[in-house]
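# Give me a 3D structure for the following:
(2 chains)
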Amino acid sequence: MTSLFEEVAVTTDDNVAVTRVNVRVNGERRAADVEPRLLLAHLLRNGFRLTGTHTGCDTTNCGACTVLLDGQPVKSCTVFAVQANNHDVTTVEGLATASELHPIQEGFKDEHGLQCGFCTPGMMLSAKALLDENPDPTEDEVRWALSGNLCRCTGYQNIVKAVLWAAQKMRGDAPPQIEEEGN
Amino acid sequence: MTLDEIKIGGLGASRRRVEDNRFIRGTGNYVDDVVLPGMLYMEILRSPLAHAKITSIDTSAAYAIPGVRMVMTGEMMAARNLAWMPTLSYDTQAVLATDKVRFQGQEVCAVIADDPYIARDGVEAIVVKYEPLPPVVNPEQALAPGAPLIRDDKVNQHDNVVFDWEVGDRDGTDQAFANADLISEIDMHYPRSHPSPIETCGSIADYDRATSKLTVYMTSQAPHIIRAAVSLVAEIPEHMIRIIAPDLGGGFGNKVPVYPGYVASILASILLERPVKWIEDKTSNLISTGFGRDVYLKGQMALRNDGKILAVRMHTDSDHGAFFSDAQPSKFKIGLMHSAFACYDIPSAHLTARGIYTNKAPGGVAYRCSFRVTEAMFFQERMVQAAADELGMDQAEFRRVNLVRDDDFPHRTPFGFLTDSGQYEKCLNMGLEAIGYEDFLAQKEEAKQRGRLLGIGISTMTEPLGAGNSREYDILGIKMFDSAELRVHMTGKAILRTGAKSQGQGHETTWAQIVAHELGIPAEDIVVEEGDTDTAPFGMGTYASRSTPVAGAAVSMVSRKIRAKARKIAAHLLEVSDEDIEWELGRFYVRGAQDRGVTIQECAMAAYSNVPDGMEPGLENNAYYDPPNLTWPFACYIATVEVDPETGVWDVLRVVAVDDCGVRINPMIVEGQIMGGLTEAYAMANMQFITFDEAGNCVGSNYMDYLLPTAWETPGFELHEVVTPCPHHPIGAKGIGECATVGGPAAFVNAVMDALKGTGVRNIDMPLLPDRVYEALQTGQNISGAPPVRTDG
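Sure, this is the predicted structure:
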């Protein structure tokens, strides 16, 4: 992105009072004029077209919409966009660089930590928040850290393995080998 | 040089998933991610009452809100003959209510606006006046004399019975019961539950006046069925309808039926000539779309003292809600309930089934299930445990006495299905050994001396997956075959399309593996596409674990057609006759001269550049596969638990699963399916149910009240495998997706009931919530029915 500052209108009605929101999303400065009631999840999805943040339950239960706000996991379906003003937001689109996946992303793929993929972005961001604080978690610590993120497909066992895989790789001790099985 | 099949991602390779590349980057394409130019947003106003007459609807305040484009009412729909639509089971369902509302959450109005917030404002501004009617919230009330008639819209409907149906040998069963040493009886309720994929249902209808073409992006597990249904309902020619099911955030049966929201969004797009997006919120999804289960059982088993089961009697009352809108094969009103006891050698059985309307959302969808087999196998395995207990027989030994033996296939099941393969006792023994059965029994006895309650539960079952052969299986008359189309490009790369629709099962990965197995083209050279009815061949979609048994078989068969043509091309290139050509993976060669050969890729190039005289150029084909029989995977699930007598809380100690789903295409994905299924099984047994209060209010309408297990509660799983290839499937595979959800719940419940053995409690209906277990322990009584509206008083 060449422009450091852009405007996105997220309301169509001229009579509705709007508020300017400045956020740094995945390291880039973005801005939008929004209704005060606009949810952060909708600003990211509809305003900024970052559709990797999914909305599942609208009630802070499922965690599909989890993003990092100043590094802390929040459920963006129950954060107002205006609350993110002057804060840093990390979404799933900010995990990988152009050339390299984040170890958590690699781990989820290698350990078959996802099926339908809908909960995956939120799950990975909760995992990132955990590993940023605790680089060597136990299985129980991983399960507890992810207990705000629901998955209906996997039964969690492979998700836990994926996070432990990533932790190991991020620590740099004995990097796990991806099995060569018809990749 | 022979190709290594695992290296090219063929059969048996735990190939990492292709679709993950977009999902882990957040670049999947789910319905709500699709944005079309000029798109409007629709929100639905739902009934707050379970049963009420609509006396007036005032939409003027909604229209006054800037940005509201249209408010649709039942009256508007009725003017276009769209107020009611046919269901997939020969019933009708209201799109938008006209006369009265029949369940809480029923669709009453739809508001279309410039953005979803304004649409919601519009919904809030509509004023509907209702005249409440007495609600009917369970089958007992529905069948009581003088019960309010729920479906007074239907001409010949004089009571609340949807159907009365029976199957089996009534006389033979009666006779066996007359000769029995012991009759074991048990009544149960399989509670109402919701498949609840994390992604809700939604659609974007886009009607183009210029071309008369309707394109609908939709959360559908069966887009071709939807195309047919839309064509019938909206009277739009089928070739002018394009249904696109993009990535689905889970389905589990919830995304099979046709929902009123889809139809309303379509009409809105036609009227406004703009794309209209409708995305449900979670509460709407939980209170109005396809529930599963909600079946009451009266079960009886005729037994001989030596443990032999002589006959089984079952009666089921199923609560369908206000509309019979789940898809069932048209011949089988209570789905495949009569697949119960298929793994046991039982001379006769008889089932009577009654479907009942209530003032609840339409239910009975196959929630990770082949048409009621989940209820069938749960009832079966609970009846088996109760019978073993009454005979005073060890539950494993009781199963051993009655399981069908390996040399007894094909075997006619007590209700008339034909099973064809399995090694049941081997699976059972493997499970018992893995869990350390004898040791656990000793440990349990020892713990009992110290006041601790340990229990072990077994569930063994074979179930019919992959509906199905066209003699018996159809939905609305459409036979349940499936299809695949394969185009091999000149450089030997290929595109495969099928009539199935993945919603997490990983078809993009596994279908390519089948092609790799059949043709030797590396899996990474094959792209798989599904879900677009303009490009995919006609198929019945993905549910009931039918993808591998049916569409997967079609992938094999179309690959073999390609190989047959390539063989002729190879003969031409090698200048020998067809009969002198031999095949090895990825390559044809001249018999007796193995070094003289051509690869499949060379044949592909020749198909576009050097075909023999008279041969049609190109290398593509399609296959429609009508399976000769269902596939019959077998599973043995064993759970051990400890129940805390002070609180009623029970903890899972271990879970062992032995699955025989025949040949495994991708073992990693198969294991993922099993673990996901076991989690749903645990959820059903432990916490997950949707119930209603006396007024018909749904009291599981969000994830705070409808409990799904998290990573914290979910136990770990130990998986084992036995492989008995399916004798009729081209690659010997059987269905697997639902096995653990179907067979798993009984293992957990049997384990808790085993822990309570000797207390006088024979049954606690699911879910085994701590208060229910505690109450049972305190009173020594069974706990039955759906809380809080309990049928036992």
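
# What count of nearby residues applies to B:E579?
Residues contacting B:E579 under the criterion other CB atoms under 10 Å in any protein chain shown number 7. Where you see a C-beta, it was placed from the backbone N, CA and C, and this is true even at glycine.

# what sits against the residue in chain A that chain B sits nearest to?
Nearest residue of chain A to chain B (CB to the nearest CB) works out as A:G52 at 1.9 Å. For A:G52, the contact set (CB atoms under 8 Å, 6 or more residues apart in numbering or on different chains) comprises A:T91, A:V92, A:E93, A:P121, B:R25, B:G26, B:T27, B:G28.

# how about the nearest residue to it once chain neighbours are set aside, phi and psi?
Nearest non-adjacent residue to A:G52, counting by CB to CB, 6 or more residues apart in numbering or on different chains: B:G26, 1.9 Å away. Recorded main-chain torsions at B:G26 are phi 70, psi 20, according to degrees, to the nearest 10.

# Report the contact partners of B:G26.
A:L50, A:T51, A:G52, A:T53, A:T91, A:V92, A:E93, A:L95, A:P121.

# was I right about the second one contacting A:R45?
Yes - the pair A:T51 and A:R45 passes the contact test of CB atoms under 8 Å, sitting 5.3 Å apart.

# Need the overlap of contacts for the two.
Common contact partners of A:T51 and A:R45 (CB under 8 Å, 6+ apart): B:D32, B:D33.

# For chain A, what's its nearest residue on the stretch 501-650 of chain B.
B:G504 (3.3 Å).

# neighbours of residue 140, just the number please.
All of this is about chain A. With neighbours defined by other CB under 10 Å, the count for A:D140 comes to 11.

# not quite, I wanted chain B
By other CB under 10 Å, the residues close to B:E140 number 17.

# just B:P362 next, same as before
Using other CB under 10 Å, B:P362 has 26 neighbouring residues.

# Kindly report the same for the one 3 residues further on.
Neighbour count for B:V365, taken as other CB under 10 Å: 27.

# Now the residue nearest to it when sequence neighbours are not counted: which helix or strand?
In this structure, B:V365 finds its nearest non-sequential neighbour in B:G290, 3.5 Å apart by CB to CB, 6+ apart. Here B:G290 is covered by no helix or strand, with elements defined by DSSP states H and E.

# contacting residues for B:G290?
Counting by CB under 8 Å, 6+ apart, B:G290 makes contact with B:194-195, B:253-254, B:256-257, B:325-326, B:362-365, B:367.

# Closest one to chain A out of these, please.
Set against chain A, the nearest of those by CB to the nearest CB is B:P195 (8.1 Å).

# Low-confidence ranges, chain A, go.
Chain A contains residues with pLDDT under 70 at A:1-14, A:174-183.

# Swap in 80 and give it another go.
A:1-16, A:173-183 (pLDDT under 80).

# Helices of that one, start to end?
Secondary structure of chain A (DSSP state H): helices at A:40-42, A:103-110, A:120-133, A:139-145, A:157-171.

# would you turn the ones you listed into CSV with distance to B:I478?
As requested, the helices of chain A are exported to CSV (distance: least, CB to CB, whole Å):
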stretch, distance to B:I478
helix A:40-42, 39
helix A:103-110, 37
helix A:120-133, 34
helix A:139-145, 44
helix A:157-171, 36
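
# Nearest to chain A within the stretch 201-350 of chain B, name that residue for me.
Proximity of the stretch 201-350 of chain B to chain A (CB to the nearest CB) peaks at B:G249, 3.0 Å away.

# what about that residue, how many residues close to it?
Neighbour tally, B:G249, other CB under 10 Å: 28.

# pLDDT score assigned to it?
pLDDT, B:G249: 97.

# my guess is it contacts B:N29, does it?
No - look at B:G249 against B:N29 with CB under 8 Å: they stay out of range, at 11.0 Å.

# What segments of chain A are strands?
A:19-25, A:28-34, A:66-69, A:72-75, A:87-90 (DSSP state E).

# Single out the most deeply packed of those strands.
Counting by mean count of other CB atoms under 10 Å in any protein chain shown, strand A:66-69 has the highest mean neighbour count of those, with a mean of 25.

# In terms of secondary structure, what does that one contact?
strand A:72-75, strand A:87-90, helix A:120-133 (3 or more CB pairs under 8 Å, 6 or more residues apart in numbering or on different chains; DSSP states H and E).

# Buried residues of the last one, list them for me.
By neighbour count with 16 or more other CB atoms under 10 Å in any protein chain shown, helix A:120-133 contains the buried residues A:T120, A:P121, A:G122, A:M123, A:M124, A:L125, A:S126, A:A127, A:K128, A:A129, A:L130, A:L131.

# Would you check that the fourth one makes contact with A:G56?
Meaning A:M123. No - contact criterion CB under 8 Å: A:M123 and A:G56 do not qualify, at 11.3 Å.

# intersection of neighbour lists for the two?
Here A:M123 and A:G56 share the contacting residues A:G63, scored by CB under 8 Å, 6+ apart.

# Please convert the buried members of the contacts of B:G290 into PyMOL selection syntax.
Entered in PyMOL, the line below selects the buried ones among the contacts of B:G290, by 16+ other CB under 10 Å:
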select buried, chain B and resi 194+195+253+254+256+257+325+326+362+363+364+365+367
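
# and after the helix or strand hosting B:A606, which helix or strand comes next?
Assessed by DSSP H and E, B:A606 sits inside helix B:600-609. Downstream of helix B:600-609, the first helix or strand assigned by DSSP H and E is strand B:620-625.

# who's in contact with B:E713?
The contact partners of B:E713, by CB under 8 Å, 6+ apart, come to B:Y682, B:N686, B:M687.

# Can you sort out which of the buried residues of helix A:120-133 also neighbour chain B?
Among those, proximity to chain B is found for A:T120, A:P121, A:M124 (CB under 8 Å from any CB of the partner chain).

# what's the closest of those residues to B:R664?
Distance to B:R664 across these (CB to CB) is lowest for A:T120, with 23.9 Å.

# which residues does the nearest residue to that closest one once chain neighbours are set aside contact?
Nearest non-adjacent residue to A:T120, counting by CB to CB, 6+ apart: A:L114, 4.4 Å away. Going by CB under 8 Å, 6+ apart, A:L114 touches A:F108, A:T120, A:M123, A:C153, A:T154, A:I159, B:D20, B:F23, B:I24.

# rerun at 7 Å
By CB atoms under 7 Å, 6 or more residues apart in numbering or on different chains, the residues touching A:L114 are A:F108, A:T120, A:T154, B:D20, B:F23.

# Show the residue spans covered by the helices in the stretch 1-150 of chain B.
B:20-23, B:60-63, B:74-79, B:116-125, B:139-143 (DSSP state H, counting those that start in this stretch).

# out of those helices, nearest to chain A?
helix B:20-23 (3.0 Å).

# Alpha carbons of that closest one, as PDB, please.
Extracted C-alpha coordinates of helix B:20-23, given in PDB (Å, rounded to 0.1, in the frame of the first residue of the first chain):
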ATOM      1  CA  ASP B  20      -5.500 -24.800   4.200                       C
ATOM      2  CA  ASN B  21      -3.300 -22.500   2.200                       C
ATOM      3  CA  ARG B  22      -6.100 -20.000   2.000                       C
ATOM      4  CA  PHE B  23      -7.800 -20.700   5.300                       C
END
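
# domain ranges for the chain?
You didn't say which chain, so I picked chain A. Domain ranges of chain A: A:19-94, A:103-171, per automatic domain parsing.

# my question was about chain B
In terms of domains, chain B is parsed into B:20-27+B:482-625, B:34-133+B:200-248+B:255-288, B:367-466+B:629-779 (source: automatic domain parsing).

# Would you tell me which one of the domains of chain A is buried the most?
Most buried of the domains of chain A, by mean neighbour count (mean count of other CB under 10 Å): domain A:103-171, with a mean of 24.

# Great, nothing more from me.
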